[in-house]
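Participant: Model the structure of this input:
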Amino acid sequence: MKKYLIINGVNLNMLGVREPEIYGNATLKDLEDKLTKKAKELGVGVDFFQSNFEGEIVEKIHSAYGSYDGIIINPAAFTHYSYAIRDAFGSVKMPVIEVHISNIHKREEFRRNSVIVPECIGQICGLGFKGYELALEALVCETE
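Facilitator: Okay, here's the model as predicted:
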């Protein structure tokens, strides 16, 4: 069975509380439940990881090598400056899709640049939790 890792970065543990006008009222657990259901529909497995620490995310990416068929990541604020996360993806060379709940291109100028996306096969933003589901579908197609 194909297996995918879904990584959520800094502050995403606060979904449902943090800026609901931007991120909505649903929680990280709600997102994980939705993606677990979607994975079952697609006949694949998913595991979840959330951290507010850049180094933990890098270590999780490294440990994913050989264990997962692809990664979905919402790096959150790390999107804009974490060359460490970018380099980790460059090291493992597996399909990665970057996802954002909000449309980062319609927000503050500093949020519009991703240093990570050059290591990804694509980026989905502005579609809420649906973006994660679409990313999972795309990874399944990519790794068939």
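
Participant: which regions of the protein sit below the pLDDT cut-off?
Facilitator: Applying pLDDT under 70 to the chain picks out no residues at all.

Participant: what residues does the lengthiest helix in the chain touch?
Facilitator: Longest helix in the chain, counting residues (DSSP state H): helix 28-42. Contact with helix 28-42 is made by 4, 6, 8, 12-13, 15-16, 45-46, 48, 50, 129, 132-133, 136-137, 140, as judged by Cβ atoms under 8 Å, 6 or more residues apart in numbering. Any C-beta I mention is one placed from the backbone N, CA and C, and that applies to glycine too.

Participant: What about these, which are in helices?
Facilitator: Using DSSP H, the contacts of helix 28-42 in helices are Tyr132, Glu133, Leu136, Glu137, Val140.

Participant: Make sure the last one is actually in contact with Lys3.
Facilitator: No: between Val140 and Lys3 there is no contact under Cβ atoms under 8 Å: 10.8 Å.

Participant: Need the residues touching each of the two.
Facilitator: Joint contacts of Val140 and Lys3 (Cβ under 8 Å, 6+ apart) are Val44.

Participant: And the two? Which one has more around it.
Facilitator: Val140 (18 against 15; other Cβ atoms under 10 Å).

Participant: for the residue most central in space within the chain, which residues make a bridge with it?
Facilitator: Within the chain, one residue has its C-alpha closest to the average C-alpha position: by Cα atoms, centre = their mean, that is Ile73, at 1.8 Å. For Ile73, the residues forming beta bridges with it (DSSP bridges) are Ile7, Glu98.
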